[in-house]
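Trainee: Here is the input, now give the coordinates:
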Amino acid sequence: MADAFTFSITTTRFDEDYTPSEDSRITTNFANLARSEHRQQNLRNALTMIDRRFNDLAQWDNPNGDRYTLELEIVSVALQFTTEGADQEFPLLEVLDVQIVDTWTGIRRHGIVGNNFSSYVRDYDFSVRLPAVNADSTKPTVPEDFGDLHGKLFQHFLDSPAYQERFTQSPVICISVSTSKTYHRTANEHPVLGVEYQQEEYSLTDEYFAKMGMRVRYFMPRGGVAPLAFYHRGDLLNDYADLQLIGTISTMETFQKIYRPEVYNANSAAAPVYRPSLEAQNHSLTDIAYDRAERSRLAITQGKYTEEHFISPHGDALARWAADYLAPVA
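Mentor: Model prediction:
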């Protein structure tokens, strides 16, 4: 089954003129921002927030706080089956790629690929498969193989020619911390990532990313009010330059301020013992429209789409491939 499928990559500029493609997951952060009647203003405001936060963190040799600007691209990954028949191509996942532009020198630096993570198969796992398993259960149940296929597909993509020929570093995915866990501040502090937090047990999301070959660390950057979860494959603190890390922080903290203002736009910073909550009232809203209810509804729709066009027609072939796949040693 080594040649059962291949991967291809296309990119789309994420700017104030961005319009989601037909294959883009419409629940993803950037697509949600581009769907309202104020789409262009939404996008312009979000990009301005990203640049301001970047310059705030990259303050050396930057007296006016306007030296850098970021250019973002949506990286869309499609999986193509080599056999004949219907549904031979499937939109597997999307991430963001970052370019850092120094307006003083004109130098462009490649940031970190990853950042935001969007996956139809994850929608299927969390919005279709997991609810079905628990439909008649008296206590929450997670199948032992939950996330196995998704994790193997992701790792196989990272080791594929499609990824290796375009990107020289492993991705970093940055998302919100779990509202079901308690985090404890440590004495460890990184000059860019900020103060580190730890928790006593992993969340289901942490375990899901672990099956993708990614470890997690939690840091609250300077000026932030809550730790972010950084999922990484290598050495988060030493594999990336300071400006690269700042690119990820400024981009994803901005998305989280818009998407989860109760946590990331709170009016006070996280305490040494911190339990994030979406019920918190002490926060400020951005002027950027984001439809969280639509996001939840569409996750179910997209999960069912994955079941119909990916899992059902190719489930047997994918199971045979996954049984033979050996993930690389991290």
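
Trainee: Now do the strands in the stretch 1-150 of the chain.
Mentor: 5-14, 68-81, 89-102, 108-110, 114-119 (DSSP state E, counting those that start in this stretch).

Trainee: in its sheet, what does the shortest one sit against?
Mentor: Strands flanking strand 108-110 in the sheet, each with its direction: strand 89-102 (antiparallel) (DSSP bridges).

Trainee: Quick check: buried residues in the strand it pairs with?
Mentor: Residues of strand 89-102 classed as buried under the neighbour-count rule (16 or more other C-beta atoms under 10 Å) are 90-98, 100-102. For every residue, glycine as well, the C-beta is placed using N, CA and C.

Trainee: Stretch 201-215 now?
Mentor: By neighbour count on 16+ other C-beta under 10 Å, the buried set for stretch 201-215 is 203, 205-206, 208-214.

Trainee: Same check on stretch 242-259?
Mentor: Of the residues in stretch 242-259, those scored as buried under the neighbour-count criterion (16+ other C-beta under 10 Å) are 243-259.

Trainee: and what of stretch 67-84?
Mentor: Within stretch 67-84, the residues that count as buried by 16+ other C-beta under 10 Å are 67-70, 72-79, 81.

Trainee: about what we covered before: could I get the strands of the stretch 1-150 of the chain as TSV with distance to T138?
Mentor: As requested, those are arranged in TSV below (distance: least, C-beta to C-beta, whole Å):
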stretch	distance to T138
strand 5-14	39
strand 68-81	37
strand 89-102	34
strand 108-110	50
strand 114-119	30
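
Trainee: could you dump these to a markdown table with mean pLDDT and distance to Y218?
Mentor: A markdown table is the format used below for the strands of the stretch 1-150 of the chain (pLDDT from 0 to 100; distance: least, C-beta to C-beta, whole Å):
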| stretch | mean pLDDT | distance to Y218 |
| --- | --- | --- |
| strand 5-14 | 94 | 26 |
| strand 68-81 | 95 | 23 |
| strand 89-102 | 95 | 20 |
| strand 108-110 | 97 | 25 |
| strand 114-119 | 93 | 16 |
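
Trainee: so I74 touches L96, yeah?
Mentor: Yes. Applying C-beta atoms under 8 Å, one finds I74 in contact with L96, separated by 6.2 Å.

Trainee: Quick check: pLDDT value at L298.
Mentor: Listed pLDDT for L298 reads 77.

Trainee: That one belongs to a helix?
Mentor: Yes. Under the criterion used here (DSSP: H, G, I helix; E, B strand; the rest coil), L298 sits inside a helix.

Trainee: So what's the residue count around it?
Mentor: For L298, the neighbour count with other C-beta atoms under 10 Å is 20.

Trainee: residues contacting A58?
Mentor: Under the criterion of C-beta atoms under 8 Å, 6 or more residues apart in numbering, the neighbours of A58 are 67-68, 242-243, 246.

Trainee: again, only using 6 Å
Mentor: Each residue near A58 by C-beta atoms under 6 Å, 6 or more residues apart in numbering is listed here: 68, 246.

Trainee: which residues in the chain form helices?
Mentor: Counting by DSSP state H, one finds helices in the chain at the ranges 29-33, 39-57, 120-124, 130-133, 148-158, 161-164, 204-210, 242-259, 261-264, 292-306, 312-324.

Trainee: can you redo the ones you listed as JSON lines with distance to E189?
Mentor: What follows is these, written out as JSON lines (distance: least, C-beta to C-beta, whole Å):
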{"stretch": "helix 29-33", "distance to E189": "28"}
{"stretch": "helix 39-57", "distance to E189": "14"}
{"stretch": "helix 120-124", "distance to E189": "32"}
{"stretch": "helix 130-133", "distance to E189": "37"}
{"stretch": "helix 148-158", "distance to E189": "30"}
{"stretch": "helix 161-164", "distance to E189": "32"}
{"stretch": "helix 204-210", "distance to E189": "22"}
{"stretch": "helix 242-259", "distance to E189": "14"}
{"stretch": "helix 261-264", "distance to E189": "19"}
{"stretch": "helix 292-306", "distance to E189": "32"}
{"stretch": "helix 312-324", "distance to E189": "40"}
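
Trainee: Between these, which one is closest to H190.
Mentor: Shortest separation from H190 across the helices of the chain is recorded for helix 242-259, at 8.3 Å, computed as C-beta to C-beta.

Trainee: and the closest one, average pLDDT?
Mentor: 95.

Trainee: Just want the angle from that helix to helix 39-57.
Mentor: Calculated by axes from the mean of the first three to the mean of the last three C-alpha atoms, to 10 degrees, helix 242-259 forms an angle of 140 degrees with helix 39-57.
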